[in-house]
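Chemist: Compute the structure for the input listed below.
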Amino acid sequence: MDDVLKSVPASEQRHDVPAAAVRPAPELSIVIPTFNERANVAILVDRLRQTLTDVTWEAIFVDDNSRDGTAAEVRTIGGRDDRIRCIRRIGRRGLSGACIEGMLASQARYVAVMDADLQHDEALLSAMLERLRTGDVDLAVASRYVEGGSADSFSANRARISRWSGEISRRFLKVELSDPMSGFFMIRRTVIEDLAPSLSSQGFKILLDIVATARGRLRVAELPFVFRERLYGESKLDSRIALDFVALLIAKLTNDAVSFRFLLFCMVGLTGVGIHMAVLLGTLHVLTDLRFSLAQAIATTFAIAWNFVLNNALTYRDQRLVGRSFVTGLVRFEIVCAVGALSNVGVASWIYEHDPVWWVAGLGGALMGAVWNYVVSAAFVWKSR
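Modeler: Predicted coordinates for the structure are as follows:
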């Protein structure tokens, strides 16, 4: 018998599994992106248990390697309840990317996305599920701006930003939602499977990306909910979300033809020119006996370091280097940009020899240097770890 089994490919061998050990996938997966939300995990899980009594469900916590032990807390609870799962991401950051990974890890018919901060009303999940079960809705969105909804817990500044970004989304991306910035929704998993290759893993508003990418093909229902105040932990909203919003806007307006990361990289480079000139002027002014070539080298080194710090904070904020990685990243960036400067001069000189128009040659060299710096630094400085 053993000889017979050895002659059959492993993929074709039959393995009998007791019927009691086989369970179908749950009807609903709830994807919950987390970063430093340990205090809220047990409370949220308990609320889901109390709410979804008549539904087969699972909760997939996608944690961006929280420092407070969020992933460990989820795994502890999951050890007692197999409906609770954890995906711990190392070297990857960003709410949208976490949501996409969680949704693609599901085998449920429907997937929901909600925050872990207890500000989303978990009781609305049942109503969302009922709408999707009817078959005439692909996406159910929890809205703060339809009748019965409320965002009164927002500060005046956050309320202004929310409405402003929503209006821009409707005007430029033609997203016909009252609350396109909502982070609380439920969707058919097959829809996500189709859209996933075109979604951005960067950014913070996955719903906006989904609806903009679908370009009007989704049947949408909006349900009102009252946005609660945060009880534990700190809000993740800061000035960087504006960059994420602009990045998504540019990507969708250009059908993903324009990389916002590259544009931001070039903008940082322009500020580096100002730093370079300031350091060069200051060095020559203070050290009057210093050779120009040495002063230029010092200014170049400072400018590259400035570009690295700014790119690390803004352009690659989702892959930010810290500690020892920051130091090694700086050294690598200095080397990459030094080679980029040589390629800049080489290309510019080659162009000028064939067509002696100074600004064309200069622009060509600068573009070559920028592309080199961007591509190589993405691969060797801010590479996925």
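
Chemist: residue ranges of the strands in this protein, please?
Modeler: Along the chain, counting by DSSP state E, strands occupy 28-34, 57-63, 84-88, 110-113, 139-143, 185-188, 220-224.

Chemist: Can you find the helix or strand in the chain with the smallest mean pLDDT?
Modeler: Least confident element among the helices and strands of the chain, by mean pLDDT, DSSP states H and E: helix 2-7 (a mean of 45).

Chemist: Give the rounded mean pLDDT of the longest helix along the chain.
Modeler: Ordering each helix of the chain by length in residues (DSSP state H) puts helix 324-354 first. Helix 324-354 shows a mean pLDDT of 83.

Chemist: do the same with stretch 50-70
Modeler: Averaged across stretch 50-70, pLDDT comes to 94.

Chemist: next one: stretch 210-230
Modeler: Averaged across stretch 210-230, the pLDDT comes to 89.

Chemist: From residue 53, how far off is the residue nearest to residue 108 when sequence neighbours are not counted?
Modeler: Distance criterion Cβ to Cβ, 6 or more residues apart in numbering; nearest residue to residue 108, sequence neighbours excluded, is residue 29 at 4.0 Å. Any C-beta I mention is one placed from the backbone N, CA and C, and that applies to glycine too. To residue 53, residue 29 is 17 Å away according to Cβ to Cβ, to the nearest Å.

Chemist: Mind checking which of these two has more residues around it?
Modeler: residue 29 (25 against 8; other Cβ atoms under 10 Å).

Chemist: So the more buried one sits against residue 104, correct?
Modeler: No - when contacts are counted by Cβ atoms under 8 Å, residue 29 is not listed as touching residue 104 (10.4 Å).

Chemist: circling back: who are the neighbours of the longest helix of the chain, in terms of helices and strands?
Modeler: helix 292-310, helix 358-380 (3 or more Cβ pairs under 8 Å, 6 or more residues apart in numbering; DSSP states H and E).

Chemist: change it to 10 Å
Modeler: Packed against helix 324-354 by the contact rule (3 or more Cβ pairs under 10 Å, 6 or more residues apart in numbering; DSSP states H and E) you find helix 260-286, helix 292-310, helix 358-380.

Chemist: Centre of the chain to it, how far?
Modeler: 28 Å (Cα atoms, centre = their mean, to the nearest Å).

Chemist: What residues of it count as buried?
Modeler: Using 16 or more other Cβ atoms under 10 Å as the test for burial, helix 324-354 gives 325, 329-330, 332-334, 336-337, 340-341, 343-344, 347-348, 351-352.

Chemist: what's the overlap in contacts for residue 29 and residue 104?
Modeler: 111, 189 (Cβ atoms under 10 Å, 6 or more residues apart in numbering).

Chemist: Take the helices and strands packed on helix 324-354 and write them to CSV, including mean neighbour count.
Modeler: Listed next are the helices and strands packed on helix 324-354 as CSV, based on neighbours: other Cβ atoms under 10 Å:
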stretch, mean neighbour count
helix 260-286, 16
helix 292-310, 17
helix 358-380, 17
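
Chemist: Let's have those in TSV, adding mean pLDDT and distance to residue 83.
Modeler: Shown next, in TSV, are the helices and strands packed on helix 324-354 (pLDDT from 0 to 100; distance: least, Cβ to Cβ, whole Å):
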stretch	mean pLDDT	distance to residue 83
helix 260-286	82	37
helix 292-310	84	44
helix 358-380	78	39
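
Chemist: is it true that the residue nearest to residue 108 touches residue 102?
Modeler: Yes - counting by Cβ atoms under 10 Å, residue 29 does reach residue 102; the two are 7.7 Å apart.

Chemist: Against residue 315, how distant is residue 372?
Modeler: To residue 315, residue 372 is 16 Å away according to Cβ to Cβ.

Chemist: meant to ask about residue 193, not that
Modeler: 30 Å.

Chemist: Neighbour count: these two, which is higher?
Modeler: More neighbours surround residue 315 than the other of residue 193 and residue 315, with 25 against 12 (other Cβ under 10 Å).

Chemist: Residue 313: how many residues sit nearby?
Modeler: 12.

Chemist: I figured it hits residue 268, correct?
Modeler: Yes - under the criterion of Cβ under 10 Å, residue 313 makes contact with residue 268 at 9.4 Å.

Chemist: circling back to that earlier point, quick one: which of the buried residues of helix 324-354 is nearest residue 137?
Modeler: Nearest to residue 137 out of the buried residues of helix 324-354 is residue 325 (Cβ to Cβ; 45.3 Å).

Chemist: List the residues that contact the closest one.
Modeler: 91, 312, 319, 381, 382, 385.
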